[in-house]
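Student: Provide a 3D model corresponding to the input given below.
(2 chains)
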Amino acid sequence: MGKQATEMLKGTLEGIVLAILSGRPAYGYEITTWLRDQGFSDIAEGTVYALLVRLEHRGFVDVEKVPSEKGPPRKVYSLNAQGQEYLEEFWRTWSFLTERLEQLREGGR
Amino acid sequence: MTMSDAEKGGFISKVIGPKRRWRQYKARVRQLPPNYRTAVEAIERYLMHFVPTDDDNAASMFEDLADLFEQAAADGTSIREIVGNDPGEFAEVFVQNYSEGGYVPTRARKRLTDAISRAEEEKPR
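Tutor: Residues are numbered from 1 along each chain as shown, chains lettered A, B, ... in the order given. Coordinates of the predicted model:
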């Protein structure tokens, strides 16, 4: 993944993670693995973790500690109503941005 | 519980609480595999630059750091996969979560914001 893609990803990662969580609850490492499988190979687990902590502080996700076979309990994150609302706002913003950029590419106004 | 007991309890938990949490955090870090421990201690030193004034916030920051590395060690995630290509950037994203109202950068930012507002209000010569 190029530097430009990494930069662009940064601004949208919050929305991407919320979108993943809208499908089903997940823990940090699962989300990182999913992103890597999708071709975002540069994404660090710590970045995703820090983002999940932020989403938790902002009240967009609920956290449950689930025991794991090895190691400490995993924090499983799920989207709550407030997060759902924020995700909808993210998609509206995303549509606006892509529409305007597409117009720009076509040289229109 | 009398009024003074309640006050005392609050005071003690304010001073001793974060210290105890800090000692517990350090104990957790000592349990990590040596290379993970080295990495956590390096990140810890870096985070110290963001001089915390809110002990509770700082305590939860280091506890979350320990959570991350304990889980990563259990999953066998490599250190590079945890911190990425730019560890400084990772640490800054990480610290932002705990900077509300306590850390120097937050106060410095407020000072800048206030100074610009004052400048804006000043009459042009």
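Student: name the helices or strands packed onto whichever strand or helix holds B:Ala59?
Tutor: Applying DSSP states H and E as the criterion places B:Ala59 in helix B:55-75. Applying 3 or more C-beta pairs under 8 Å, 6 or more residues apart in numbering or on different chains; DSSP states H and E, one finds that helix B:55-75 makes contact with helix A:28-37, helix A:45-57, helix B:3-31, helix B:34-47, helix B:79-83, helix B:87-96. Every residue, glycine included, has its C-beta placed from N, CA and C.
Student: put the alpha carbons of that helix into CSV.
Tutor: Provided in CSV are the C-alpha atoms of helix B:55-75 (Å, rounded to 0.1, in the frame of the first residue of the first chain):
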residue,chain,number,x,y,z
ASP,B,55,-3.2,10.7,37.3
ASP,B,56,-6.4,8.7,36.5
ASN,B,57,-6.1,9.4,32.8
ALA,B,58,-2.4,8.5,32.8
ALA,B,59,-3.1,5.3,34.7
SER,B,60,-5.8,4.2,32.3
MET,B,61,-3.4,5.0,29.4
PHE,B,62,-0.7,2.7,30.7
GLU,B,63,-3.3,0.0,31.6
ASP,B,64,-4.5,0.1,28.0
LEU,B,65,-1.0,-0.1,26.7
ALA,B,66,-0.4,-3.2,28.9
ASP,B,67,-3.7,-4.7,27.6
LEU,B,68,-2.6,-4.2,24.0
PHE,B,69,0.8,-5.9,24.5
GLU,B,70,-0.4,-8.7,26.7
GLN,B,71,-3.0,-9.6,24.0
ALA,B,72,-0.5,-9.2,21.2
ALA,B,73,2.0,-11.5,23.0
ALA,B,74,-0.7,-14.1,23.5
ASP,B,75,-1.7,-13.9,19.8
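Student: let me see the mean pLDDT of that helix.
Tutor: Helix B:55-75 carries an average pLDDT of 89.
Student: just to revisit the earlier point, ranking the helices and strands packed on helix B:55-75 by mean neighbour count, which comes first?
Tutor: Neighbour counts (mean count of other C-beta atoms under 10 Å in any protein chain shown) averaged over each of the helices and strands packed on helix B:55-75 peak at helix A:45-57, with a mean of 22.
Student: returning to that earlier point: which residues are contacting the helix holding B:Ala59?
Tutor: With contact meaning C-beta atoms under 8 Å, 6 or more residues apart in numbering or on different chains, helix B:55-75 is reached by A:28-29, A:45-46, A:49, A:53, A:68, A:70-72, A:74-75, B:14, B:17-18, B:21-22, B:25, B:28-29, B:31-33, B:36, B:39-40, B:43-44, B:47, B:52, B:81-82, B:94-95, B:97-98, B:100, B:102.
Student: got the residues of chain A near chain B?
Tutor: Within reach of chain B by C-beta under 8 Å from any C-beta of the partner chain, chain A has these residues: A:28-29, A:32, A:42-47, A:49-51, A:53-54, A:57, A:68, A:70-72, A:74-75.
Student: rerun that using 7 Å as the cut-off
Tutor: Neighbours of chain B within chain A, by C-beta under 7 Å from any C-beta of the partner chain: A:29, A:42, A:44-47, A:49-50, A:53-54, A:57, A:70-72, A:74.
Student: thanks again, I'm all set now.
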